[in-house]
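Engineer: Structure of the sequence below:
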Amino acid sequence: MSGVIQGFGVIAAIVLIGYLLGRTGALGASGREALTKLSFYVGTPALLLKMLSESDVAVLFSIPLLVTALSTFAAAALFVLVGVLRKWNVRRTTIGALCSSYVNAGNLGIPIAVYVLGDATLVAPVMLFQLLVMTPIGLTVIDYAQAGERSSVWTRLLAPFRNPIVICSLIGVGLSLVGWRIPAPVMEPITLLGHLSVPTVLLAFGISLHGSKLPAGGAERGPVLLSVAVKSVVHPVIAWSIGAGLFGLEGAPLFAAVVISALPAAQNLFVYASHYNVGVRLARESILLSTILSVPVLFTVTALLG
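Structural biologist: Numbers count the residues shown, from 1 in each chain. Presented below is the predicted three-dimensional model:
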C-alpha cells in the first residue's frame with residue numbers, strides 16, 4: 001500500500017504549506033482567491049488542453065470504464081435526488097453531486113494505480129471520462145443556473161462556452177480526434193502553465209483551512225455528511241454491484257473499478273466552488289473528510305478484493 005501512503009503524503013505536504021501561508025498571511029487577504037483564479041483561468045485549462053490533445057479518446061470505450069461511468073452517475077444522482085427533495089439550490093446541489101462522485105484520479109489515482117493496481121494506465125480512462133463528461137456537465141449546469149438568474153435564454157445557452165475549462169477541453173478533444181498535435185514550441189509554454197494547476201489548487205485549499213470551523217459543522221452538516229457518505233461508501237459499493245452483478249467482472253478488473261471509485265473527492269472541485277462562490281465550505285469539507293476516510297476504505301477494498 002505504499003502508493004496510498006505516497007499519494008497522501010504529497011497532497012498533505014502541499015496542503016500544509018498552504019495552511020502555513022494562510023496562517024502567516026504571507027499572500028495577503030486575497031491570496032486564496034488569486035490562486036483559485038490562477039488555476040481556473042490558466043493552470044487547469046492549459047493542463048486539460050495538453051492532456052486531451054495528446055490522449056486517445058478510444059480508451060473511453062471499455063467495460064471497466066462503463067462500470068465507472070455508471071457508478072459515477074448513480075452516486076451523483078443520489079445526491080441530486082436528496083437535493084431536490086430538500087429543495088437545495090441548483091448550483092449548491094451540483095457541487096455536492098460532484099463531491100459525491102468525482103474522484104481524485106490525478107494526485108492519488110496515479111500512484112495508487114501504480115503501486116496498488118500495478119498499472120498506471122488504468123486510471124487514464126477515468127481521468128478522460130471526468131474531464132470530457134463530468135466536468136463539462138457540472139460546470140455547464142452551474143453556468144446555466146447562474147446565468148439564468150439574471151440573463152436571457154441566449155445568454156444562458158452561451159454561458160458554458162465562455163468557460164476556459166470547457167473551451168480548452170473541447171479544443172483538446174477536437175485536436176485528438178483529427179490527429180493533429182500542437183507543435184513543440186507552442187506546447188512547451190502550455191505544458192509549463194499546466195504544471196501550475198495541481199499545486200495552486202492544493203495551496204488554495206490549505207489556505208482555506210486556516211480559521212475554518214470544524215468539518216461537518218453548522219448549516220452545511222447535512223450536505224457535507226451526505227456527500228462524504230456517498231463518495232466514501234456508497235460509490236464503491238455501487239461500482240462493485242454494477243461490475244460484478246451487471247457485467248460479471250471479477251478478479252483484477254473488478255478490483256481496479258472498485259479501488260478507483262473509492263478514491264476521495266478531487267481537490268479541483270474546490271477551485272470550481274470557489275470560482276463560482278457557491279458551496280465553498282461544502283466542497284472543502286467534503287474533500288477533506290473523504291480524503292481522510294479513503295485510507296481505511298482503500299485498505300478494506302484491498303483486503304476484500306485484492
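Engineer: Just give me the longest helix of this protein.
Structural biologist: helix 280-305 (DSSP state H).
Engineer: residue ranges for the helices of the stretch 101-250 of the chain, please.
Structural biologist: 109-115, 124-129, 135-148, 153-158, 164-178, 184-194, 197-209, 221-229, 235-240 (DSSP state H, counting those that start in this stretch).
Engineer: Now these in CSV, please, with extra columns for mean neighbour count, distance to Phe73 and mean pLDDT.
Structural biologist: Every C-beta, even on glycine, is put in place using the N, C-alpha and C of the backbone. CSV is the format used below for the helices of the stretch 101-250 of the chain (neighbours: other C-beta atoms under 10 Å; distance: least, C-beta to C-beta, whole Å; pLDDT from 0 to 100):
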stretch, mean neighbour count, distance to Phe73, mean pLDDT
helix 109-115, 22, 19, 66
helix 124-129, 22, 10, 80
helix 135-148, 19, 10, 80
helix 153-158, 12, 23, 57
helix 164-178, 18, 19, 83
helix 184-194, 13, 28, 93
helix 197-209, 23, 24, 82
helix 221-229, 21, 15, 92
helix 235-240, 24, 10, 96
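Engineer: ok so, going back, could you check how far the longest helix of the chain is from the centre of its chain?
Structural biologist: Offset of helix 280-305 from its chain centre (C-alpha atoms, centre = their mean, to the nearest Å): 13 Å.
Engineer: about what we covered before: switch the helices of the stretch 101-250 of the chain over to JSON lines; also include distance to Glu54.
Structural biologist: Converted to JSON lines, these look like this (distance: least, C-beta to C-beta, whole Å):
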{"stretch": "helix 109-115", "distance to Glu54": "16"}
{"stretch": "helix 124-129", "distance to Glu54": "11"}
{"stretch": "helix 135-148", "distance to Glu54": "18"}
{"stretch": "helix 153-158", "distance to Glu54": "29"}
{"stretch": "helix 164-178", "distance to Glu54": "7"}
{"stretch": "helix 184-194", "distance to Glu54": "9"}
{"stretch": "helix 197-209", "distance to Glu54": "16"}
{"stretch": "helix 221-229", "distance to Glu54": "32"}
{"stretch": "helix 235-240", "distance to Glu54": "28"}
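Engineer: Which among those is found nearest to Thr302?
Structural biologist: When the helices of the stretch 101-250 of the chain are compared by C-beta to C-beta, helix 109-115 sits nearest Thr302, at 9.9 Å.
Engineer: pLDDT weak spots in this structure?
Structural biologist: The model of the chain has pLDDT under 70 over residues 1-8, 59-60, 106-107, 110-111, 114-115, 118-121, 147-162, 211-219, 306.
Engineer: what residue lies at the spatial centre of it?
Structural biologist: Centrality entry for the chain: nearest residue to the mean C-alpha point is Ala266, 3.5 Å, by C-alpha atoms, centre = their mean.
Engineer: That one reaches Ala105, doesn't it?
Structural biologist: Yes: using C-beta atoms under 8 Å, Ala266 is in contact with Ala105, at 7.0 Å.
Engineer: circling back: can you tell me how far the closest residue to the residue nearest to the centre of the chain other than its chain neighbours is from Asp143?
Structural biologist: Leaving aside its chain neighbours, Ala266 sits nearest to Asn104 (4.3 Å; criterion: C-beta to C-beta, 6 or more residues apart in numbering). The spacing between Asn104 and Asp143, counted by C-beta to C-beta, to the nearest Å, is 23 Å.
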